[in-house]
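Student: Here's my sequence, what's the structure:
(chains A and B)
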Amino acid sequence: GNSVTQMEGPVTLSEEAFLTINCTYTATGYPSLFWYVQYPGEGLQLLLKATKADDKGSNKGFEATYRKETTSFHLEKGSVQVSDSAVYFCALSGNTGNQFYFGTGTSLTVIP
Amino acid sequence: EAQVTQNPRYLITVTGKKLTVTCSQNMNHEYMSWYRQDPGLGLRQIYYSMNVEVTDKGDVPEGYKVSRKEKRNFPLILESPSPNQTSLYFCASSFRGGTGAMGSNQPQHFGDGTRLSIL
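Tutor: Now for the predicted structure:
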């Protein structure tokens, strides 16, 4: 079946530090992969996506590369800001594109 | 403003008392979906709908019903709520479901959530 495994949190970083949040997946076929971000009290917002192997998604300084050989989609940012404090979810869509599978979420706190 | 609106935002109720959580989107999206969010489990999909009168089960449909009589609305119905359905619920919509360029790479727009407590 389909599943997503995310790095356990919480993660606390100082401002301008480098961020990596690991995500690996299990899926049949060729899923699309996503990172969503959830700010306190809000719903999720799409951060970036990749729809095929070797695609790199990027947005707001965040990047993630779809690695089929390692079944991974790690999220990275070179220099985090306090405003990046949120919960980050890795997700995939199944073969039909109708069902979505989310990881457990990783809470990030950035301190000044 | 493009948005997904859920109501109520908070509800405390008792076991067995039927309740409905409404979801409405103003973006003319075909695809809509319901999720529950629980600590340590992330988001799990309950039901989804590809279009009017087309609904299907997600990963955790037991104890829930949905309907899609109009494109903009996708209510979640708990006929006989139980304490294990205490959770944070999110409705989401996207332009279209399915695969391909116009399909699953479409971003989902989420509502702000409904926190249900069932005593």
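Student: touching chain A at all, the lengthiest strand in chain B?
Tutor: As assigned by DSSP state E, the longest strand anywhere in chain B is strand B:42-51. Yes. If you take CB under 8 Å from any CB of the partner chain as the test, strand B:42-51 does meet chain A, through B:42-45, B:48, B:50. No exception for glycine: its C-beta is placed from N, CA and C like everyone else's.
Student: chain center to that strand, what's the gap?
Tutor: Counting by CA atoms, centre = their mean, to the nearest Å, strand B:42-51 is centred 6 Å from the centre of its parent chain.
Student: Nearest residue to A:F18 in space, please, no chain neighbours.
Tutor: Computed as CB to CB, 6 or more residues apart in numbering or on different chains, the closest residue to A:F18 that is not its neighbour in sequence is A:G78, at 6.0 Å.
Student: Can you give me the separation between that neighbour and chain B?
Tutor: Distance of A:G78 to chain B, computed by CB to the nearest CB, to the nearest Å: 24 Å.
Student: How many neighbouring residues does that residue have?
Tutor: Residues lying near A:G78 (other CB atoms under 10 Å in any protein chain shown) number 11.
Student: CSV please, covering the residues of strand B:42-51 next to chain A and showing neighbour count.
Tutor: Shown next, in CSV, are the residues of strand B:42-51 next to chain A (neighbours: other CB atoms under 10 Å in any protein chain shown):
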residue, neighbour count
B:G42, 21
B:L43, 27
B:R44, 17
B:Q45, 21
B:Y48, 24
B:M50, 19
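Student: which one of those residues is nearest B:I118?
Tutor: B:R44 (17.0 Å; CB to CB).
Student: Tell me how far that closest one lies from A:L75.
Tutor: Taking CB to CB, to the nearest Å as the measure, B:R44 falls 21 Å from A:L75.
Student: Could you do A:V82 as well?
Tutor: Taken as CB to CB, the span from A:V82 to A:L75 is 18 Å.
Student: neighbour-wise, which of the two wins?
Tutor: A:L75 (25 against 11).
Student: That one - nearest residue in space that isn't next to it in sequence?
Tutor: Nearest residue to A:L75 in three dimensions, chain neighbours excluded: A:I21, at 4.4 Å (CB to CB, 6+ apart).
Student: wait, what's in contact with the one you found?
Tutor: A:6-7, A:11, A:74-76, A:88, A:90, A:106, A:108 (CB atoms under 8 Å, 6 or more residues apart in numbering or on different chains).
Student: Could you point out which residue ranges in the chain have low pLDDT?
Tutor: Went with chain A since none was named. A:95 (pLDDT under 70).
Student: ah, I was thinking of chain B
Tutor: B:97-105.
Student: And the strands in the chain?
Tutor: Using chain A. Going by DSSP E, chain A shows strands at A:3-6, A:11-14, A:19-21, A:23-26, A:32-38, A:44-50, A:56-59, A:62-65, A:75-77, A:86-93, A:100-102, A:106-111.
Student: try again with chain B
Tutor: Going by DSSP E, chain B shows strands at B:4-7, B:10-13, B:19-25, B:31-38, B:42-51, B:54-57, B:65-66, B:76-78, B:87-94, B:109-110, B:114-118.
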